[in-house]
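Visitor: What shape does this take:
(chains A and B)
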Amino acid sequence: MTAVPAPAGGLTTSPAREPGRTRRRRSSGQNGAGWAFSAPQVVLVGLFVLIPILMAFWVSLTDWRGRGSPFSTGVGFVGFDNYATILTEPGLPRQDFMTSLRNNAWYVVFVVPLQTGIALTLALVLTSKIRAKSFFRTAFYFPTVTSSVAISLVFIFLFTGAGAVNGLLGLVGIDGPNWFSDSRGLLHLAGEGLGLWDASSPPAALTGSGPLGLSWWDWLSGPSIALAALILLVVWTSAGGYMLMFLAALQDVPADVQEAARMDGANAWQRFRNVTLPALRPTLFLVTTLGLIGTWQVFDQVYLISQGNPAKTTLTPAYLSYTSAFETGQWGRAAAMSFVLFAIIVVLTTVQRYVMRDKDAIAEKRAAKAAQRRRSSSSRTTFFHAGR
Amino acid sequence: MTTTIPTTPGNAAGLPTSADGTSPPARPGTGRRPGRQVGRFLAYVVLVFFSIVYLYPFLIQIVTSFKTDTDATNAPLTLLPDPITTAAFSRLFDTQFPLWAFNSVWVAVLVTAGRVFLCSLAGYALARLRFRGRSALFTAVLAVMAVPSVVLLIPKFLVLNQLGIYDTPVALFLPLVADAAGVFIMKQFFESVPASIEEAARIDGAGTFRVFWSVVLPMARPALITLTILSFQASWNELPHFIVASQDRDLYTLTKGVATLTTGQLGSGNQFPLTLGAALLMTIPVAIVFFVFQRYFVAGANEGGVKG
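Guide: Numbering: from 1, shown residues only, chains lettered A, B, ... in the order given. Below is the predicted model:
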């Protein structure tokens, strides 16, 4: 350790001197050390991640009600009945589960684009030449590191009926809703606003039927106003973290390509569309993937703020699974919900990877074509200028 | 692309100077400098708007915790408490708030120490030691990282219950020490450091653990600090795990305890100064860590280690 200059000599000479023997002895010694070093985390992860998943899968195939051990003889094996109850059999359990999926789907549809768009916008603005960059960056990022509990408490206060948000809306003459107790769907309201229907007596064509135990009218409600408040909360909290990822990626956008594009007469939008955006594609993929995974798991805010209310419009699969197990004792059904949620996340991220990878290739082709077009058109303008 | 430019005299003069933004507009009608100024003005408008959106809630939180209940309810927008009172805080200390804070502290300390030590051990093994099954182990790390944490809520309860440690102090911290993402971060770091110095130490006859402890770890300070603050922040802010790991009121942490201020029996009425004061106090430790170690947070976020 003390002989710092030694390594160069030692490194080059020792394998050369007796290569076979040294390597064999070292690798067999490292076999033990390698496993000894990894063992504590391997045991912990096995104990608290892998074994629990297997246990939960077993429970999802049983009628265990939470008393005693799920492996005791009194527990009945029911096969995939629990999955059938929430997916195929008509009834309240399926209706609740489908409602929770509907809510979460609308939540994802609003949160992911909003947080990605805001994060990208803020990152782009922060890479331009402006003062006090680090102040702004800190302000936007800080909510990401604070606890969901603290932020939820603040938002409960801000969004009460006579709270700050409605106070601000009142200043511009808008009569704000009673956010967390308003179950009216945004699309229902929008349709009414456009004169398409009357939300209190919806068209029979939509209420009469629909897939998976919910009517079309219910599926297409959009997020309720209460869920919209949760959406605002989560977008506000998480955009800053994704902004940092975009900021890091933007530093790697080659400046000379930007400059070349500028010289070619590309305007700001064209430079963004054809230079910056393609360079950001991997980050865009990462941000939307993490967003998708995170938003399908929303639990904390529902537990803290709305508990699924009003009218089950903020019920999410994660929260429904929790209450089914810990409050109503339907452990098998609750575990089945966890696995369905897991499957949804896996399928959606796989689909997303496929879609975005495909787009990548298409976009590259398109960009190449556009560049070609631009090249020919720019030489045409040059002629034009020269002619004048 | 640029090859056509020098041949045309009209542009040859204009283009090189336009790069530094001082030339007259290249084309008539499209003023470049005013355009850029408008752009910068818009940038500031966006930034100021979002700063207000981001800072105002925190301001309201601080101010409201010094208000009386009626003042908070009647004047939610004003930034001056009338009268200024610390009544909410003294009421807060009559609840079990100090106990919750104590529990949060020891849980965070144990989780952080455990994660940092065990993740660096495993990360070092995966980065440097040659052993059978290493690549399979690394694949397993990546697979575990991909498991959505909320899906684990019920499974975690099942295993704690089966082991007979549900509702014990061990259940609060031990499952949180299991962390594949930390292993990944440390492995990436160790792979970025040259191996020559530890090779030298090893040739001098030091054992693997000795090399790790007295040569490798001191060099890994930046990564250790990153992992320390990420682990501290994660366990301090953790909520779902504490919900499923215990129900004993003596084992409440800050997140779970403060949550009962709004969801439990105490959550009735308009005690906003109390709840916002609690939210304020529980944010302070993380805020201090954040402002002191900000650049490490940035490094951590770019490793992809964001909260779900």
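
Visitor: where along the stretch 1-150 of chain B do the helices fall?
Guide: B:9-18, B:32-64, B:69-74, B:87-92, B:97-128, B:134-145 (DSSP state H, counting those that start in this stretch).

Visitor: cool, the stretch 251-388 of chain A as well?
Guide: Using DSSP H, counting those that start in this stretch, helices in the stretch 251-388 of chain A cover A:255-263, A:268-271, A:277-295, A:300-301, A:317-326, A:331-387.

Visitor: From the chain's centroid, how far away is the shortest one?
Guide: By that I understand helix A:300-301. 14 Å (C-alpha atoms, centre = their mean, to the nearest Å).

Visitor: what's the average pLDDT for that helix?
Guide: Here helix A:300-301 scores 92 as its mean pLDDT.

Visitor: so A:Leu186 touches A:Ile225, yeah?
Guide: Yes - with contact taken as C-beta atoms under 8 Å, A:Leu186 and A:Ile225 are classed as touching, separated by 7.0 Å. Just so you know, the C-beta spots here come from the backbone N, C-alpha and C atoms, and that holds for glycine as well.

Visitor: quick one: which of these two has more around it?
Guide: Per other C-beta atoms under 10 Å in any protein chain shown, whichever of A:Leu186 and A:Ile225 has more neighbours is A:Ile225, with 22 against 17.

Visitor: neighbours around B:Thr262, how many?
Guide: 22.

Visitor: I should have written A:Asp198 there, sorry.
Guide: 11.

Visitor: Please look at it and A:Glu192 and confirm they touch.
Guide: Yes - using C-beta under 8 Å, A:Asp198 is in contact with A:Glu192, at 6.4 Å.

Visitor: Find the residues that touch each one of the two.
Guide: Any residue near both A:Asp198 and A:Glu192 by C-beta atoms under 8 Å, 6 or more residues apart in numbering or on different chains counts here, and not one turns up.

Visitor: dump the residue contacts of the closest residue to A:Arg262 other than its chain neighbours.
Guide: In space, and not counting its chain neighbours, A:Arg262 is closest to A:Arg271: 6.5 Å by C-beta to C-beta, 6 or more residues apart in numbering or on different chains. When contacts are counted by C-beta under 8 Å, 6+ apart, A:Arg271 touches A:258, A:261-262.

Visitor: Let me know the closest of these to A:Thr127.
Guide: Nearest to A:Thr127 among those: A:Gln258, at 10.8 Å, using C-beta to C-beta.

Visitor: Quick check: the gap between the closest one and A:Leu126.
Guide: 16 Å (C-beta to C-beta, to the nearest Å).

Visitor: out of these two, which sits in the more crowded spot?
Guide: A:Leu126 (21 against 16).

Visitor: May I ask you to confirm that that one is in contact with A:Thr138?
Guide: No - taking contacts as C-beta under 8 Å, A:Leu126 lies outside contact range of A:Thr138: 11.1 Å.

Visitor: which sections of the chain are below the confidence cut-off?
Guide: The chain I'm using is chain A. A:1-29, A:358-364, A:374-388 (pLDDT under 70).

Visitor: was after chain B, sorry
Guide: B:1-35, B:263-270, B:299-308.

Visitor: Name the helix or strand for the closest residue to chain B within the stretch 51-200 of chain A, please.
Guide: Residue of the stretch 51-200 of chain A nearest chain B, by C-beta to the nearest C-beta: A:Pro52 (3.1 Å). For A:Pro52, the element it lies in under DSSP states H and E is helix A:51-60.

Visitor: by contact count, what packs against that helix?
Guide: Counting contacts by 3 or more C-beta pairs under 8 Å, 6 or more residues apart in numbering or on different chains; DSSP states H and E, helix A:51-60 packs against helix A:331-387, helix B:153-163.

Visitor: Compute the inter-axis angle for it and helix A:317-326.
Guide: Per axes from the mean of the first three to the mean of the last three C-alpha atoms, to 10 degrees, the angle that helix A:51-60 makes with helix A:317-326 is 70 degrees.

Visitor: Phi, psi for the residue of the stretch 1-150 of chain B found nearest chain A please.
Guide: Nearest to chain A in the stretch 1-150 of chain B, going by C-beta to the nearest C-beta, is B:Phe131, at a distance of 2.8 Å. For B:Phe131, the backbone dihedrals (degrees, to the nearest 10) come out as phi -140, psi 160.

Visitor: Tell me who's in contact with the residue nearest to it when sequence neighbours are not counted.
Guide: Excluding the flanking residues, the one nearest B:Phe131 by C-beta to C-beta, 6+ apart is A:Gly34, at 2.8 Å. Contacts for A:Gly34 (C-beta under 8 Å, 6+ apart) come out as B:125, B:129-131, B:134.

Visitor: For those, name the two members farthest from one another.
Guide: Most distant of the contacts of A:Gly34, by C-beta to C-beta, are B:Ala125 and B:Arg130, 9.7 Å apart.

Visitor: which residues touch the helix or strand hosting B:Ile229?
Guide: Using DSSP H and E, B:Ile229 sits within helix B:221-237. Applying C-beta under 8 Å, 6+ apart, the set of residues contacting helix B:221-237 from outside is A:145-149, B:104, B:107-108, B:111-112, B:115-116, B:119-120, B:173, B:176, B:179, B:182, B:185-186, B:189-190, B:217, B:254-255, B:285-286, B:289-290, B:293, B:296-297, B:299-300, B:303, B:305, B:307.

Visitor: Let me know the secondary structure of A:Val75.
Guide: Of the three states, A:Val75 takes coil according to DSSP: H, G, I helix; E, B strand; the rest coil.

Visitor: so it touches A:Arg67, yeah?
Guide: No - using C-beta under 8 Å, A:Val75 is not in contact with A:Arg67, being 9.4 Å away.

Visitor: out of these two, which sits in the more crowded spot?
Guide: When neighbours are counted by other C-beta under 10 Å, A:Val75 and A:Arg67 differ, and A:Val75 comes out ahead with 19 against 11.

Visitor: so how far is A:Ala228 from the more buried one?
Guide: Counting by C-beta to C-beta, the gap from A:Val75 to A:Ala228 is 42 Å.
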